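Undergrad: With the input below, show me the fold.
(chains A and B)
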Amino acid sequence: DAGITQSPRHKVTETGTPVTLRCHQTENHRYMYWYRQDPGHGLRLIHYSYGVKDTDKGEVSDGYSVSRSKTEDFLLTLESATSSQTSVYFCAISDRDTTGGHTGELFFGEGSRLTVL
Amino acid sequence: DAKTTQPNSMESNEEEPVHLPCNHSTISGTDYIHWYRQLPSQGPEYVIHGLTSNVNNRMASLAIAEDRKSSTLILHRATLRDAAVYYCILRRPDNYGQNFVFGPGTRLSVLP
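TA: Next up, the predicted model:
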């Protein structure tokens, strides 16, 4: 199994409070991603990173920010949580192949369940 | 973006082969076909992917139609552990793996 650790695994918070989810990898993979999973929507990309300090927005980035100061850590921050951000959040990693392109294989963490009351 | 169509659910008996279909009639010539699965209470895991030719690995086989408008994931001998949601994904070429679009998938039940 790929070395991906998400923390916290479960969190309950109140509307308006800041929340940070952490993704830690031990694989030295270049690319990292944050997805959210909601019933009826499948998984949707929030933000991704293609290197240290290099990040970009995904499909559903509003209300979220990310940071990657080290290869192994990718943080997802909800500056002011809302009930619509209640979801299961998955971190994923991947790497380049020998030609410099993408391997096509994502490795996912176990998920972090966030409830915003 | 090209879309995929999968049955909402399928059932299989343990130790029998399973053929999971996926239609992608609007696929472009450079789109890769990926399959992932998600076991209960876990993150998705990679199963297989291909571009034009059929592909085999230790988990499954991927059969791609000649016109590439459909594909089939084949589990050769289903086990109870194969009960999961299976996602068929088209991914256009990208640099950073940011173009995976997960739809609702097919929920596979495996009966003992």
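Undergrad: Taking chain A, what residue is nearest to chain B?
TA: Taking Cβ to the nearest Cβ, chain B has its nearest neighbour within chain A at A:F108, 3.0 Å off. Using the backbone N, CA and C atoms, a C-beta is placed for each residue, glycine as well.
Undergrad: residue closest to the middle of chain B?
TA: B:W35 (3.3 Å; Cα atoms, centre = their mean).
Undergrad: helices and strands around whichever helix or strand that one is part of, which ones?
TA: Of the helices and strands defined by DSSP states H and E, B:W35 is found in strand B:32-38. For strand B:32-38, the packing partners by 3 or more Cβ pairs under 8 Å, 6 or more residues apart in numbering or on different chains; DSSP states H and E come out as strand B:18-23, strand B:45-50, strand B:61-64, strand B:84-91.
Undergrad: Surely B:T52 touches B:R68?
TA: Yes - here B:T52 reaches B:R68: they are 6.7 Å apart, a contact under Cβ atoms under 8 Å.
Undergrad: dump the residue contacts of the most centrally placed residue in chain A.
TA: By Cα atoms, centre = their mean, the mean C-alpha position of chain A lies nearest to A:W34, the distance being 2.3 Å. Listed by Cβ atoms under 8 Å, 6 or more residues apart in numbering or on different chains, the contact set of A:W34 reads A:21, A:23, A:45-48, A:58, A:64, A:66, A:74, A:76, A:89-92.
Undergrad: is it in a bridge, and if so with what?
TA: A:H47, A:C91 (DSSP bridges).
Undergrad: ditto for A:G51
TA: A:D54.
Undergrad: Mind telling me what element A:R22 is part of?
TA: Using DSSP H and E, A:R22 maps to strand A:19-25.
Undergrad: Per-residue pLDDT of the residue of chain A most remote from its centre, please?
TA: Within chain A, A:T99 marks the point farthest from the mean C-alpha position, 26.1 Å out by Cα atoms, centre = their mean. According to the prediction, A:T99 has pLDDT 77.
Undergrad: Equivalent analysis for B:L62, please.
TA: pLDDT, read off for B:L62, is 98.
Undergrad: what's the closest non-adjacent residue to residue 21?
TA: Here I'm looking at chain A. A:L76 (4.5 Å; Cβ to Cβ, 6 or more residues apart in numbering or on different chains).
Undergrad: think we crossed wires, I meant chain B
TA: In space, B:P21 is closest to B:T72, 5.4 Å off (Cβ to Cβ, 6+ apart).
Undergrad: And the contacts of the helix or strand harbouring the one you found?
TA: In this structure, B:T72 sits in strand B:70-75 according to DSSP H and E. Contacts to strand B:70-75, defined as Cβ under 8 Å, 6+ apart, come from residues B:12, B:17-25, B:33, B:35, B:47-48, B:50, B:59-65, B:82, B:86, B:88.
Undergrad: ok, and for stretch B:47-67, which residues are buried?
TA: Applying a neighbour-count criterion of 16 or more other Cβ atoms under 10 Å in any protein chain shown, one finds B:V47, B:I48, B:H49, B:G50, B:V55, B:A60, B:S61, B:L62, B:A63, B:I64 buried in stretch B:47-67.
Undergrad: in chain A, what spans have low per-residue confidence?
TA: A:1-2 (pLDDT under 70).
Undergrad: The residue of chain A closest to chain B contacts B:L39, doesn't it?
TA: No - judged on Cβ under 8 Å, A:F108 makes no contact with B:L39 at a distance of 10.9 Å.
Undergrad: quick revisit: run through who's touching the strand holding A:R22.
TA: Here strand A:19-25 has contacts from A:2-8, A:11, A:13, A:32, A:34, A:71-78, A:81, A:89, A:91, A:93, A:109, A:112, A:114, A:116, using Cβ under 8 Å, 6+ apart.
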